[in-house]
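In: Here is the input, now give the coordinates:
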Amino acid sequence: MNKIFIKTFIPFLIFILTSCTYKPIFSEKNYNFEIKEIVLIGEKDVGKIIDNKLGLIKSTGDPNKKKYILIIDSEKKRNIISKDSKGDPLKFEMLIKVEYKLMHENKLLILKEIEKNNIYNNDSDQFKLEQSEKIILQNISGNISDIIISSIINLNDN
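Out: Numbering: from 1, shown residues only. Sure thing, here's the model as predicted:
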């Protein structure tokens, strides 16, 4: 029984491990467009994360690609959702709102607003709370940048 199990399990395990590869969705740089300029307005941390993520499709100088200008206006709010009996916060909400405009040759192609939020618990350790907020900010901002990239790709597919 053990020999049969080993003979079938090991090849199956090798097949599974070698056939699956991880590849980020937006890592390929062979788009038919470029972002010539990114203008960031508003919340600096959100803008910086989105700008870094959009760096995958920034201008390379290829004359055959469409060149876009992207204007991003971001806003971050931290709200108290619930309090305990003493009035101390128990839960927070981080709300990130991004309005973006995509321009090509002074024509507005896309004007959209994205709003994402995350509710999280308060932590008595201020350092842990700040670290958790940084991670939440990175995740939400990264998600928003993926949405922006997808909308530009969909615009070019049509």
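
In: so what secondary structure elements neighbour the helix or strand harbouring residue 152?
Out: Using DSSP states H and E, residue 152 sits in helix 126-157. On a contact count with 3 or more CB pairs under 8 Å, 6 or more residues apart in numbering; DSSP states H and E, helix 126-157 meets strand 33-42, helix 44-54, strand 66-83, strand 89-104, strand 107-121. Heads up, the C-betas are built off the backbone N, CA and C, glycines and all.

In: need those in a markdown table with mean neighbour count and mean pLDDT, can you?
Out: Listed next are these as a markdown table, based on neighbours: other CB atoms under 10 Å; pLDDT from 0 to 100:
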| stretch | mean neighbour count | mean pLDDT |
| --- | --- | --- |
| strand 33-42 | 16 | 89 |
| helix 44-54 | 18 | 91 |
| strand 66-83 | 16 | 93 |
| strand 89-104 | 18 | 95 |
| strand 107-121 | 13 | 94 |
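
In: Quick one: closest of those to residue 135.
Out: Judged by CB to CB, the one of the helices and strands packed on helix 126-157 that comes nearest to residue 135 is strand 107-121, at 9.6 Å.
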